[in-house]
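**Q** Build me a model from this:
(2 chains)
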Amino acid sequence: MQQILTLQAKEAMVLAKDVMTAENRVLCGKGTVLTSTLIERFLKMDIVQLTVEGHPISSPGEKTLQEELQDIEDRFSEVNKVPPLAYLKKRIMKKLVESRGQ
Amino acid sequence: MEDAKRQEFRAALHQTKNLPTLPGIVAKLTKMADDPDTTTEQMGKVISQDYILAAKLLKLVNSAFYGFPQRISSISSAIILLGFNVVKSLIISASIFEVMEDQDVELWQHSLGCAVVCNVIASRLGVKDPEEVSTAGLIHDIGKVAIKMELPNEYEMINRLVRERKMSMRAAELEVLGLDHAEAGGWLAKGWNLPKKLIEPVSCHHDPRQASAEQLNSSIIHFSDIMIRGLGYGHASDNKVPMLSKRAWDLLNFSPTDIDEILEQVEEKLWDVKGFSLEIKAEDTAQATG
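**A** Numbering: from 1, shown residues only, chains lettered A, B, ... in the order given. Here you go, the predicted structure:
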């Protein structure tokens, strides 16, 4: 999932988290497919951020999936032979790949 | 570090010449809590006198960071619902927000992330008052701030070793100072008169075997530090995942399913907390300029 500005939202994106009002009420549930009407409504209500499925927006300077996976390898480089940590690394990598929608 | 210099550093930490101090309210409340005649209302009144702290406390209570199921709107209700120890931890947390956010944003984010993992693990293990463990997670690297502020030259040497020789921060600290940030953090926490429940997990987070009374809590901080570094959330001076203590792992006794579920919960909470941290900052700026 990815946190984006409502201004960056496009039709057909899918909410990965509920959109809440300032009073902490659910305005729109996760799993909802965005439409232009819905996006306009969020903007009118001053909802500035949304969390959507996948990783639809890439920002300048953002690392590629391969670079991020390499970073994880680097972070775990000294503890690769410790079974629980090797498992942790594997799961973190898997979740990253999933979060990028791949 | 020579013994004399070590003592000098320790004394400097006690005087906290350059380091921010925790509000006197923490000591005052601890004293009140020891008095059996103190009422919840009296305590609530003392906290409410510092209205900025009271506001921050309520915000923290109602944030995703702790995620209590019901909305808490007054300090007295917070004490009744959560208990005094939790509220005290929250006050310490609210104060540490200021101390650390100003110093090093990346380290702050690492600490915040570590506190989130601590909370998830402590709740899962059924530890009493998981918020206290979160607070210990939040301050586990406070020794790094202490070294940076009290020994700037040595701090620069340590960072050079980390950069040039790709050493871990802790190994570089041991080489330059003969002590590490965990020990320094323990001294500082002691100087702040924090309870032993918080001091030991700070001073023993790299080696929970050293803890006399708080081995489980120290192990939770130890593994939370590992997990949050593994996730790459924030930055704690070097990017390496530290070695897992066998003692900690034996105590935690997690199965692969446990790890999967913890990761799932942590990622969910980190999304919420990310916004929360910025929110506090934005308000601080507004207060300062407003």
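**Q** Show the contacting residues for the residue nearest to B:Met167 when sequence neighbours are not counted.
**A** Leaving aside its sequence neighbours, B:Met167 sits nearest to B:Leu161 (C-beta to C-beta, 6 or more residues apart in numbering or on different chains; 5.0 Å). C-betas here are computed from N, CA, C, even on glycine. Neighbour list for B:Leu161: B:Met167, B:Ala171, B:Ala172, B:Glu175, B:Val176 [criterion: C-beta atoms under 8 Å, 6 or more residues apart in numbering or on different chains].
**Q** Go ahead and confirm the fourth one touches B:Met167.
**A** Yes - with contacts defined as C-beta atoms under 8 Å, B:Glu175 counts as touching B:Met167 at a distance of 7.5 Å.
**Q** Compare neighbour counts for the two and give me the winner.
**A** Legend: neighbour count by other C-beta atoms under 10 Å in any protein chain shown for B:Glu175 and B:Met167, higher for B:Met167 (18 against 13).
**Q** ok, that one - contacts?
**A** So B:Met167 contacts B:Leu161, B:Glu175, B:Asp238 (C-beta under 8 Å, 6+ apart).
**Q** Was I right to think A:Glu11 contacts A:Thr32?
**A** No - applying C-beta under 8 Å as the test, A:Glu11 and A:Thr32 come out as separate, 11.9 Å apart.
**Q** just to revisit the earlier point, export the contacts of B:Leu161 to CSV and append columns for secondary structure.
**A** Putting these into CSV (DSSP: H, G, I helix; E, B strand; the rest coil) gives the following:
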residue, secondary structure
B:Met167, coil
B:Ala171, helix
B:Ala172, helix
B:Glu175, helix
B:Val176, helix
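**Q** Turn those residues into JSON lines, including pLDDT.
**A** Output for those, formatted as JSON lines (pLDDT from 0 to 100):
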{"residue": "B:Met167", "pLDDT": "86"}
{"residue": "B:Ala171", "pLDDT": "91"}
{"residue": "B:Ala172", "pLDDT": "93"}
{"residue": "B:Glu175", "pLDDT": "90"}
{"residue": "B:Val176", "pLDDT": "90"}
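**Q** for those, which one is nearest B:Asp258?
**A** B:Ala171 (29.9 Å; C-beta to C-beta).
**Q** so what's B:Ile220 closest to, chain neighbours aside?
**A** Nearest one to B:Ile220, counting by C-beta to C-beta, 6+ apart, is B:Ile121 at 5.0 Å.
**Q** Please identify the helix or strand for that neighbour.
**A** helix B:105-124 (DSSP states H and E).
**Q** Now that helix: buried residues?
**A** Within helix B:105-124, the residues scored as buried using 16 or more other C-beta atoms under 10 Å in any protein chain shown are B:107-122, B:124.
**Q** cool, stretch B:205-224 as well?
**A** Buried-residue list, stretch B:205-224, by 16+ other C-beta under 10 Å: B:205-208, B:210-211, B:214-224.
**Q** ok so, going back, what packs against the helix holding B:Ile121?
**A** Judged by 3 or more C-beta pairs under 8 Å, 6 or more residues apart in numbering or on different chains; DSSP states H and E, helix B:105-124 is in contact with helix B:84-103, helix B:130-139, helix B:215-231, helix B:256-289.
**Q** got CSV for the contacts of B:Leu161, with distance to B:Asn85 too?
**A** Formatted as CSV, these follow (distance: C-beta to C-beta, whole Å):
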residue, distance to B:Asn85
B:Met167, 38
B:Ala171, 36
B:Ala172, 36
B:Glu175, 38
B:Val176, 37
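**Q** what pLDDT, on average, does the helix holding B:Ile121 get?
**A** Helix B:105-124 shows a mean pLDDT of 89.
**Q** and the angle from that helix to helix B:215-231?
**A** Helix B:105-124 and helix B:215-231 are oriented at 130 degrees to each other (axes from the mean of the first three to the mean of the last three C-alpha atoms, to 10 degrees).
**Q** What parts of chain A come near chain B?
**A** Contacts of chain A with chain B, taken as C-beta under 8 Å from any C-beta of the partner chain, map to A:1, A:3, A:17, A:24, A:49, A:51, A:71-72, A:74-79, A:82, A:84-85, A:87-89, A:91-92, A:95.
**Q** List only those of these flagged as buried.
**A** A:1, A:17, A:51, A:72, A:75-76, A:79, A:82, A:84-85, A:88-89, A:91-92.
**Q** Just the CA trace of stretch B:249-269, in CSV.
**A** Extracted in CSV, the C-alpha atoms of stretch B:249-269 (Å, rounded to 0.1, in the frame of the first residue of the first chain):
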residue,chain,number,x,y,z
TRP,B,249,15.3,-15.4,21.6
ASP,B,250,14.9,-18.2,24.2
LEU,B,251,12.7,-15.9,26.4
LEU,B,252,10.6,-14.7,23.5
ASN,B,253,10.2,-18.1,22.0
PHE,B,254,8.5,-16.9,18.8
SER,B,255,7.4,-19.3,16.0
PRO,B,256,7.4,-18.3,12.4
THR,B,257,3.7,-17.6,12.6
ASP,B,258,4.3,-15.2,15.5
ILE,B,259,6.9,-13.3,13.4
ASP,B,260,4.4,-13.1,10.5
GLU,B,261,1.6,-11.8,12.7
ILE,B,262,3.8,-9.3,14.5
LEU,B,263,5.1,-7.9,11.2
GLU,B,264,1.6,-7.6,10.0
GLN,B,265,0.5,-5.6,13.1
VAL,B,266,3.6,-3.5,13.2
GLU,B,267,3.3,-2.4,9.5
GLU,B,268,-0.3,-1.5,10.1
LYS,B,269,0.6,0.6,13.1
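**Q** Can you tell me what sits against it?
**A** In contact with stretch B:249-269 (C-beta under 8 Å, 6+ apart) are residues A:84, A:87-88, A:91-92, A:95, B:64-65, B:67, B:116-117, B:119-121, B:124-125, B:208, B:215-216, B:219-220, B:223, B:227-228, B:231.
**Q** I'd like the average pLDDT over that stretch.
**A** The model assigns stretch B:249-269 a mean pLDDT of 94.
**Q** What are the buried residues along it?
**A** So, applying 16+ other C-beta under 10 Å, buried residues of stretch B:249-269: B:249, B:251-252, B:254, B:259-260, B:262-263, B:265-269.
**Q** just to revisit the earlier point, ok and the helix holding B:Ile121 relative to helix B:130-139, angle-wise?
**A** Going by the same axes, to 10 degrees, helix B:105-124 makes 160 degrees with helix B:130-139.
**Q** Sweet, I'm off.
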